[in-house]
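Asker: I would like to see how this sequence folds:
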Amino acid sequence: MLVVNNQSQLKRDYEEQGYVVIRDYFSAPEISSLKQVILKFHELWKYDNKTFYQQEAFNSSLITGSQYLGCDDRVKLFNFISSKKMMAIVDSVIPVNPAFMNTQLFFDPFNAQQENFWHRDCQYDHDVEVQQKVIHETQVLHLRVPLFDELGMELVPGTHKRWDNEEEFDVRQEENGRLSSESLSTGKKIKLAAGDLLVFSADMIHRGLYGFDRLALDILVFDPTGDFVDYVDDDCLPDIAMLDKIDDPRLFVNSIDLKSKAKSFDALL
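Answerer: Below is the predicted model of the structure:
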């Protein structure tokens, strides 16, 4: 296991490249315990979303919500998300009041012919002109925990702070006859194994690599100075009774506080 004892170096590496990989960060028992909860969610979600799953899905979200998991399993997830190991990484990159946004679960598409695709997360909320601005502002942090060995991710290092070159833009935006599933000369493949942790910027150019029956939990965390509170689902946060069962609840308390302030502000308008 790698012990995070140089947070300043981790932060420098993340700021320079847009990602950090930590090998063997979680023990086999930690992954096994997490896997039990995630597989329970996944099977219930697939049953409830059969058509969507079989036609196009490659991920699900809101794993910490109440729809598929009971209180005990949700508390177990909250404690994993805010564990000492996770918070050591989060605090390195976002040292002041980091806030919990959401969780996502990434899996292989049911259709083995379905292609993966290059993207920046911000492209789904903003046009190109705004994308060019937001990548230089506060960003969302992805913390990916693979539950099985997998092909991993392909990232374009440094694009959390710079705009696409011509090749990257044409492929990502599918311009000039290019497809978002094509290879990029600037891409870097990062194979992942169960127990690894990949930390990366949501707004860097990236894509997931399908195969090996991947199942990876992504935890999304944001800097409170960013305008992301609207993405936080109330049902995915712990209630007061749950907060008492979480060893270090500040990640969730920060989100709850931001939601409360936003609602108070809206009430004044």
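
Asker: D121: how many residues sit nearby?
Answerer: Number of residues near D121 (other CB atoms under 10 Å) recorded here: 16. From N, CA and C alone the C-beta is placed, and that goes for glycine too.

Asker: Ramachandran angles for it?
Answerer: With angles defined as degrees, to the nearest 10, D121 sits at phi -60, psi -30.

Asker: Quick check: V221 is in a helix.
Answerer: No - using DSSP: H, G, I helix; E, B strand; the rest coil, the assignment for V221 is strand, not a helix.

Asker: Look up the closest residue to it, ignoring the ones flanking it.
Answerer: L141 (4.7 Å; CB to CB, 6 or more residues apart in numbering).

Asker: any idea how far the one you found lies from V199?
Answerer: 7 Å (CB to CB, to the nearest Å).

Asker: So for these two, which sits in the more crowded spot?
Answerer: It is V199, of L141 and V199, that has more neighbours when counted by other CB under 10 Å, with 23 against 20.

Asker: So for the more buried one, what's the nearest residue that isn't a sequence neighbour?
Answerer: Nearest to V199 is V20, by CB to CB, 6+ apart, at 4.6 Å.

Asker: How about the contacts made by G226?
Answerer: 137-140 (CB atoms under 8 Å, 6 or more residues apart in numbering).

Asker: So L143 belongs to a strand, correct?
Answerer: Yes - under three-state DSSP, L143 sits within a strand.

Asker: count of neighbours near E174?
Answerer: 15.

Asker: before we move on, what about T225?
Answerer: By other CB under 10 Å, neighbour count at T225 equals 11.

Asker: Verify the stated contact: it with T138.
Answerer: Yes - counting by CB atoms under 8 Å, T225 does reach T138; the two are 5.4 Å apart.

Asker: can you tell me how far I38 sits from V140?
Answerer: Relative to V140, and taking CB to CB, I38 is found at 21 Å.

Asker: higher neighbour count, those two?
Answerer: Legend: neighbour count by other CB under 10 Å for I38 and V140, higher for I38 (23 against 19).

Asker: Is it correct that T103 is in contact with N59?
Answerer: No - counting by CB under 8 Å, T103 does not reach N59; the two are 10.4 Å apart.

Asker: So between those two, which is more surrounded?
Answerer: T103 (21 against 12).

Asker: Quickly list what that one is bridged to.
Answerer: I219 (DSSP bridges).

Asker: got the contact list for stretch 28-35?
Answerer: Residues contacting stretch 28-35 (CB under 8 Å, 6+ apart): 26, 76-77, 80, 145, 147, 194-195, 217.

Asker: er, stretch 41-51 actually
Answerer: 53, 57, 60, 63, 68-69, 73, 105, 107, 215.

Asker: so where's the protein shaky on pLDDT?
Answerer: 1-5, 265-269 (pLDDT under 70).

Asker: repeat that with 90
Answerer: 1-9, 136-139, 225-227, 261-269 (pLDDT under 90).
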